[in-house]
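> Sequence and predicted structure, then a few things I'm wondering about:
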Amino acid sequence: MAKKQYAVIGMGRFGSSVASALTNLGFEVLAIDSNEQKIQEVVGLVTHAVSADTTDEEALRAIGIRNFDVVVVAIGADIQASILTTLILKDLGVPKLIVKAQNELHGKVLQKIGADKVIYPERDMGLRVAHHLISPNILDYIELSDDYSIVEMKAPQPTIGKNLKQLDIRAKYKCNVLAIKTNEHMNISPYADDIIKENDILVIVGKNADLTNFEIVHA
Ligand code: ADP
């Protein structure tokens with residue numbers, strides 16, 4: 001199978017980080033920015049880098065943008081350029097379009113004009129940092145919807161040596177333990193008599209408020 005080809009537009013902090021990470025993962029990545037200096041900064045970190053204004057349809061055609069499997073639009077501050085670029089890419093028939101939004105309203109517009117996925121890196125990172133501040137045990141935090149999330153956390157001290165039945169997390173906190181990770185071993189759908197050990201990682205799903213409650217009590 002041919003390697004997936006990615007194009008990333010906008011070499012700000014976020015875009016350049018996505019582009020170099022994809023390259024390191026072994027994908028072919030074209031980096032695009034209207035600012036020649038930004039392009040010079042990423043040459044060597046990505047497969048190809050070109051300078052172009054992506055609000056110019058002809059420039060995008062000339063690059064052959066339609067041939068890429070996934071295009072990531074990481075233009076941040078210039079919302080007008082982000083929207084115009086998305087609109088043109090959609091018109092050109094890019095198979096998968098992932099666009100970074102600055103705020104909720106920007107995100108709504110992007111969704112309406114056909115972005116396949118709208119991402120909010122600053123907001124999501126803010127959420128993760130906030131949860132990490134509440135409880136240093138939190139390793140990761142994934143929002144499933146406005147109401148529900150999954151957290152990955154180091155097993156808090158009070159849970160160690162106890163089994164899930166004793167802890168009764170479902171009844172006490174209305175949260176479900178989806179998995180217990182011991183070193184590299186993942187115990188999915190653990191049984192009630194599975195015991196939590198020191199250095200285990202718990203993967204828990206629940207309503208945001210219930211998860212926060214569990215995090216605070218066990219911080
Ligand atoms: P971040 O917050 O991730 O650093 P920025 O908004 O600072 O994001 O960076 C966005 C990048 O997008 C900048 O390097 C800018 O030159 C680039 N950019 C802005 N408008 C266009 C455009 N019309 N075409 C191509 N690149 C653009």
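Sure, I can see it.
> Which other helices and strands does whichever helix or strand residue 6 is part of contact?
Take DSSP states H and E as the rule and residue 6 turns out to sit in strand 5-9. Counting contacts by 3 or more Cβ pairs under 8 Å, 6 or more residues apart in numbering; DSSP states H and E, strand 5-9 packs against helix 13-24, strand 28-33, strand 70-73. To be clear about C-beta, it is placed using only N, CA and C from the backbone, and glycine gets the same treatment.
> what sits up against the last one?
Outside of strand 70-73, the residues that reach it under the criterion Cβ atoms under 8 Å, 6 or more residues apart in numbering are 4-10, 15, 18-19, 54, 65, 82, 85-86, 89, 94-100, 115.
> do the same with the longest one
Applying Cβ under 8 Å, 6+ apart, the set of residues contacting helix 13-24 from outside is 6, 8-9, 11, 29, 31, 33, 38, 41-42, 45-47, 72, 74-76, 100, 121.
> do the second one as well
Under the criterion Cβ under 8 Å, 6+ apart, residues 3-11, 15-16, 19, 22-23, 39, 42, 45-52, 54, 63, 68 lie in contact with strand 28-33.
> Partner strands of that strand and their direction?
Applying DSSP bridges, strand 28-33 is found paired with strand 5-9 (parallel), strand 48-51 (parallel).
> And for the last one?
When sheet partners are counted by DSSP bridges, strand 70-73 sits next to strand 5-9 (parallel), strand 96-100 (parallel).
> and the strand or helix carrying residue 110, which residues are buried?
In the assignment (DSSP H and E), residue 110 maps to helix 104-112. Under the neighbour-count criterion of 16 or more other Cβ atoms under 10 Å, helix 104-112 has 106-107, 109-110 buried.
> List the contacts of the lowest-mean-pLDDT helix or strand in the chain.
The helix or strand of the chain with the poorest confidence is helix 121-134; it has a mean of 87 (mean pLDDT, DSSP states H and E). Contact with helix 121-134 is made by 14, 100, 102, 138, 140-141, 143, 151, 212, 215-216, 219, as judged by Cβ under 8 Å, 6+ apart.
> What of stretch 103-110?
Against stretch 103-110 from outside (Cβ under 8 Å, 6+ apart): 79, 82-83, 86, 99, 101, 118, 120.
> what's the distance between it and the middle of its chain?
Its chain's C-alpha centre and that of stretch 103-110 lie 17 Å apart, by Cα atoms, centre = their mean, to the nearest Å.
> got it, and stretch 58-67?
Its chain's average C-alpha position is 27 Å from that of stretch 58-67, according to Cα atoms, centre = their mean.
> List the buried residues for it?
Using 16+ other Cβ under 10 Å as the test for burial, stretch 58-67 gives 59-60, 63, 65.
> thinking again about what came up before, taking helix 13-24 as reference, get the angle to the strand holding residue 6.
160 degrees (axes from the mean of the first three to the mean of the last three Cα atoms, to 10 degrees).
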